[in-house]
Each structure stands twice: as structure tokens, then as C-alpha cells.
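no letters, just coordinates:
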């Protein structure tokens, strides 16, 4: 039916992801008579099929060059077609095994080398009797093999091309297929092995025929619903077990269903922005929400927000959407953020919205965007109810003009309107004295990096990799070192907590940090820094305070006070 263009994959399905070992296990289950799950088929009739995008099944899978399904051309679609709502991976696996080929990379081979991906077909070892492989839990040995590998016959391996059984019909002459094996030119030891296991080999061939031809293993439910929203609801329910699909996966598919090039465009954008700077981990969820916010659609993350008219709007404005998102990510790189330090993806969307609405990229605007970004992350405003937060921020930024279009209230990014604006759940971007006390106890990680990046505005984060450095090296806080420096045992636990907190952290270039790594701070300073006073000022090191390790606690508290004053000015 797949070959006759009667069965397709709706756009709501993900790409094929099963590995060759999963396919081999599936056929072991089939041979052993195990259930392979029910399937859900969507029967689409008449003009309704033209409202959706469908994909063809993969026949020749190639791990590098051919792993995405091709879009089915509209004229090719029959009057009634079947869309697979549940069971895509299993049916795709069976189709590739029984009709196609599977090319995956040889271990340790080079990705760019074409010879690293030999074409393989699906074989069954007829000399593997029903003795279970304890390591993989299999009884029958199926393998994807090259033609050369399949010809390697010995006393343990006799490979049979599984797709040959498909042509046998309902009443095959198994004896003839056995005789055909015997007629091949094998060494005498192999012929004797085949003769000795004659009954077992015939039994395996009969079971194979029975499972693939005679038994009706595909148990399915039929869905005749034609409305896409309702189909998605069914899809969510059915896929709530196993590999759970996120709502963004499903909503992404609704875009694809109304915009044939959408999948490729979004995947290209994600690949591009995720490779910027030190790398990011943006996903479909981020792009979906950004599209809704930027085009002034309802921000609620549900199917109705992606109705056809909204998809058309997103598609027609895609160039500007893409450009605005890229500008926002460029600023993240400029500020030194990466996947490691960006604790919320949604925080970026208002920045992209500002650029989408033709906001200026002046020096003052960039400073205010940085303030907004760090305040929003420190205050964790994009937790629960993020849809409502984004909607509120959009209202804070814009007003409606006389033509009913939403335009920026100010074309210069104004941080003050964010601080005054109301957010759901009594959230606010305001930093209080209590917040600063909490900030100063941040341990080395994403949040401490944000604060340090504010304290070092002169650093060119987009050009140089900066590390969070322990001023007094972490290596000094071992039992042996603490004992050597005569630190009282009751202080050890407290000092170890303090060593990772903000008052003992500074930003340094990676190479410089590595050279300082295990050296006492007072020694390193004396031997490596020419202008010590300037270094102390630039790194918020308190003047006239001992830098000996024995005086760590005094140093810590003095620097904590110094940072508290500085952060009060920067953040309040």
C-alpha cells in the first residue's frame, strides 16, 4: 500500500529515528509471536487531503544523506489516503527492512567519507537456532548486512535475505527453498551443517513466512475525523506514553501542515543560531513562541494559536522574523551568553520583538537590553505562566496606532518601562536589597556568570572566552591544605561553601585562568601582575586587605561588601 501511494505520514509525525538494532529487535519480536502494538490510521478523504502536508515513507535510509522524508506531491495523492497517526517508527522500520536499504556509518569511520556508509539489506541467520542471546535478549538473529558481509558463510552463519520471503505467496514450497540453499556452492563443512540442521532451518523459514505473509499482525484503529485540531488532540492522547512528544513538537507540525517549506526553514534557522558564539540549544518551542509573539498573534501555546491565517502571517513575514531572532542572538553572543549560561530561552523573545518592530540598535539601547536580560534572568520571571509573561511584556513595549497596528511606544529600548510594568503573579524585574543578599551567595554557575558579566562591561565576550575563576584557588580547600594553613576544623565546611560563592569569583581569560589555577592568590598576584593596584580595582579586590589564604574569611567579607555596593548601583 505504501508502494501504491495509499499510505503516508502526516506532517505531525517526527522524522524517522529508529536505529538498526531497534529494527532487528522488532523482527525478533515478530518471529517470536510477540505483540508489536496497535496502530492508529487516519483515513483522509476528498479535498481534505489537500489541506494538509503529507510525507512519503523512506525506502533507502542513509544516516548522513537521506534521513528526512520527502513531501508527497499533491497530484499524487489518491481520492482516499491513510495517514499513520501512531506506529510511524514501526511501519517505517518494517518498510525499510522488507523493501529498502539501511546505510549507517561504520564504527570509527570518517563522517565525510562516502565509503563510511555502505548500503545494507536485511538478513536472517538460518543457523541461529532458538537459543536466546542473553546480552540482547533475542532468539532470532536479524542483521543489516552488505552483500559482501552476507556472503561470509561459516558453521555459525547462513544469511537469508528477508525480503525474498515477501514474494512467496500464501502456500510456499519450503522444501524448494531449502533445496535452493543446498544447491549453492558452500564448503562441505557448511553443507553438512545445513543437512544436520535441515528441520530447524525449514522451521525458521516456515515461521518467517507465517509471520510476514499469513498472520495479520497489524492491529489498528481507524479514525475518520477530518479536522486538524481534533486530529492533534487525538495524537496527543495516543502519544502520551512511550516517546513523549512535547506540545511544541505538535504545534511545529501544524506549521508544517500549512507551510510546506516550514520544516526546512525552521531547522535551518535553528542550526544557524545554535552555532553562534560558544553554541546555544534553541529548539522548536522557542521558534514557535517567537513566531506568535512577533506577529502579534495570541501567545497562548495551543493549537488554535496556529490556525491557518496565523501560519500564513508567519510564512509571509518569515524573513523579518528570522532576521529579528538572529539580531537578538548576536547580542547574546556580545554579552557572553551561551547554552551553558542562558537559563531561559523565552527571555530572548522580547528582544527579537523589539527588533521586529524596528527598534534602534544604539549603544544606549544595547545597554538597556542587557539590563533587561540580566534582571529578567536573575528574577526568573519566565518560569510558570511564560505565555502570559510574554503577552504582558508585549503590551509593555507597544501601543496600538490609528490603523490598528501595534507599534513600539519608544524606538529606543527603555529598561525603565519594564521595571514599572506589571507581570503575572506579582512578578517584577525590580532588584531589592534582599535580592542582592541572595545574589551574593550565588555559587559558580549560570547566575554567577550573569552577575560577573555586568561587573566587567569592558570585556569583549564575543571575541575572548572568559572563565569564572576562584580568586583563592579551589585546590587550597582540601583537608590537607586547610590543615597545613592551620585553619580550625570548625571553619572547614564554611570555607568550602564560601569558596564557590560570588565574593570569591572573578572573570579571567581562559589561558590566564589556567596558569593561575593552583597558585596562592598573593603569590600569583606578586609574580604575574605589573600594576597590582589597577588589577585590584578592575576586579573589585578590596584594598589594604590581606590576601594570604589564612585571612580568606576577612577577604571574603570585605569583597562581599564591596560587591554589594557596586551591584546596588548597577541593579537597583
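Done, it's in. Model, not experiment: these values are computed from the prediction.

okay, now the nearest residue to residue 66 once chain neighbours are set aside: neighbour count?
Nearest residue to residue 66 in three dimensions, chain neighbours excluded: residue 60, at 6.1 Å (CB to CB, 6 or more residues apart in numbering). From N, CA and C alone the C-beta is placed, and that goes for glycine too. By other CB atoms under 10 Å, the residues close to residue 60 number 13.

kindly list the longest helix within the protein.
When the chain is parsed with DSSP state H, its longest helix is helix 552-571.

so what does that one touch, helix or strand wise?
With contacts taken as 3 or more CB pairs under 8 Å, 6 or more residues apart in numbering; DSSP states H and E, helix 552-571 sits against helix 363-378, helix 433-439, helix 446-455, helix 489-499.

and the shortest one, what does it pack onto?
For helix 433-439, the packing partners by 3+ CB pairs under 8 Å, 6+ apart come out as helix 552-571.

and the angle for the helix it packs on with helix 446-455?
On the basis of axes from the mean of the first three to the mean of the last three CA atoms, to 10 degrees, helix 552-571 is oriented at 70 degrees to helix 446-455.

can you tell me the average pLDDT over helix 552-571?
Averaged across helix 552-571, the pLDDT comes to 93.

for that helix, buried residues please.
Judged by neighbour count using 16 or more other CB atoms under 10 Å, the buried positions of helix 552-571 are 552, 555-556, 558-560, 562-563, 567, 570-571.

residue 180: neighbouring residues, count only.
Neighbours of residue 180 (other CB under 10 Å): 10.

give me phi/psi at it?
Main-chain dihedrals, residue 180, degrees, to the nearest 10: phi -60, psi -40.

residues contacting the residue of the chain positioned farthest from its centre?
If you look at how far each residue of the chain sits from its centre, by CA atoms, centre = their mean, the farthest one is residue 188, at 54.0 Å. Residues in contact with residue 188 (CB atoms under 8 Å, 6 or more residues apart in numbering): none are found.

now it: how far from residue 439?
To residue 439, residue 188 is 81 Å away according to CB to CB, to the nearest Å.

next: residue 90.
For residue 90, the distance to residue 439 equals 51 Å [CB to CB].

domains in this structure, by residue range?
Listed by automatic domain parsing, the domain ranges of the chain are 7-214, 246-430, 463-571.

low pLDDT regions in the stretch 451-572 of the chain?
Within the stretch 451-572 of the chain, the segments meeting pLDDT under 70 span 510-515.

nearest to residue 227, out of the domains of the chain?
When the domains of the chain are compared by CB to CB, domain 7-214 sits nearest residue 227, at 8.9 Å.

what are the ranges of the helices in the stretch 301-450 of the chain?
Remark: helices assigned in the stretch 301-450 of the chain by DSSP state H, counting those that start in this stretch are 308-316, 318-335, 349-356, 363-378, 386-397, 415-420, 433-439, 446-455.

the stretch 151-300 of the chain too?
174-182, 188-196, 198-209, 228-238, 247-258, 262-274, 284-294.

run through who's touching stretch 539-547.
Applying CB under 8 Å, 6+ apart, the external contacts of stretch 539-547 come out as 455, 471, 506, 521-522, 525, 533, 535-536, 551, 554-555, 558-559, 561-563, 566.

start to end distance for it?
End-to-end distance for stretch 539-547, by CA to CA, to the nearest Å: 14 Å.

with stretch 55-62 instead?
With CA to CA as the measure, the ends of stretch 55-62 fall 17 Å from one another.

flag every buried residue along it.
Within stretch 55-62, the residues that count as buried by 16+ other CB under 10 Å are 55-58, 61.

burial count for residue 546?
For residue 546, the neighbour count with other CB under 10 Å is 13.

how much space separates it from residue 215?
Separation of residue 546 from residue 215 (CB to CB): 83 Å.

residue 122 in helix, strand or coil?
Here residue 122 takes the strand state, with states given by DSSP: H, G, I helix; E, B strand; the rest coil.

for residue 289, see how far away the one residue sitting closest to the centre of the chain is.
Geometric centre of the chain, nearest residue: residue 283, 6.0 Å, by CA atoms, centre = their mean. Separation of residue 283 from residue 289 (CB to CB) stands at 10 Å.

do the same with residue 478
Shown here: residue 478 relative to residue 289, a distance of 46 Å by CB to CB.

on that earlier part again, now do the residue farthest from the centre of the chain, the pLDDT please.
Residue 188 carries a pLDDT value of 82.

from residue 150, how far off is it?
Distance, residue 188 to residue 150, by CB to CB: 21 Å.

before we move on, what about residue 91?
For residue 91, the distance to residue 150 - CB to CB - is 25 Å.

now residue 49
From residue 49 to residue 150 the distance is 40 Å (CB to CB).

likewise residue 185?
Counting by CB to CB, the gap from residue 185 to residue 150 is 15 Å.

now the closest residue to residue 270 other than its chain neighbours, what are its backbone angles?
Using CB to CB, 6+ apart and skipping the chain neighbours, the partner closest in space to residue 270 is residue 282 (5.8 Å). Backbone geometry at residue 282, expressed as degrees, to the nearest 10, gives phi -70, psi 150.
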